[in-house]
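*Asks:* here's my sequence, what's the structure:
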Amino acid sequence: MLYPPHIFTGDRVANQSEQFILPSYVRTDASISYKRNNWQVGLNFKNILDVKYYESNGYLTFPQAPFTVQGTISVTF
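*Replies:* Residues are numbered from 1 along each chain as shown. Prediction:
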């Protein structure tokens, strides 16, 4: 299974008291997994193109993670 989503976020206000605009960005993620019987393994790739972007909670602005790979193993009983 391969799942390549693209996440688009438009320009937005970053701070309620001292307003400034965070620019838009497009982030590309993908995942691949293999399932057999009662177990499954997977790899998740986040921010494949290593886009530099920021998120805000309305007051504070945080840089987000660069290119990241996460592996998972699961077993169902």
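*Asks:* if you count neighbours, what's buried in stretch 36-53?
*Replies:* Within stretch 36-53, the residues that count as buried by 16 or more other C-beta atoms under 10 Å are 46-47, 53. Just so you know, the C-beta spots here come from the backbone N, C-alpha and C atoms, and that holds for glycine as well.
*Asks:* neighbouring contacts of it?
*Replies:* Residues from elsewhere that reach stretch 36-53, judged by C-beta atoms under 8 Å, 6 or more residues apart in numbering: 9, 25-34, 63-77.
*Asks:* tell me the bridge partners for the one residue sitting closest to the centre of the chain.
*Replies:* What sits nearest the mean C-alpha location of the chain, by C-alpha atoms, centre = their mean, is residue 46, with 5.0 Å. Assessed by DSSP bridges, residue 46 has beta-bridge partners residue 68.
*Asks:* stretch 17-33 - what's its average pLDDT?
*Replies:* For stretch 17-33, mean pLDDT is 89.
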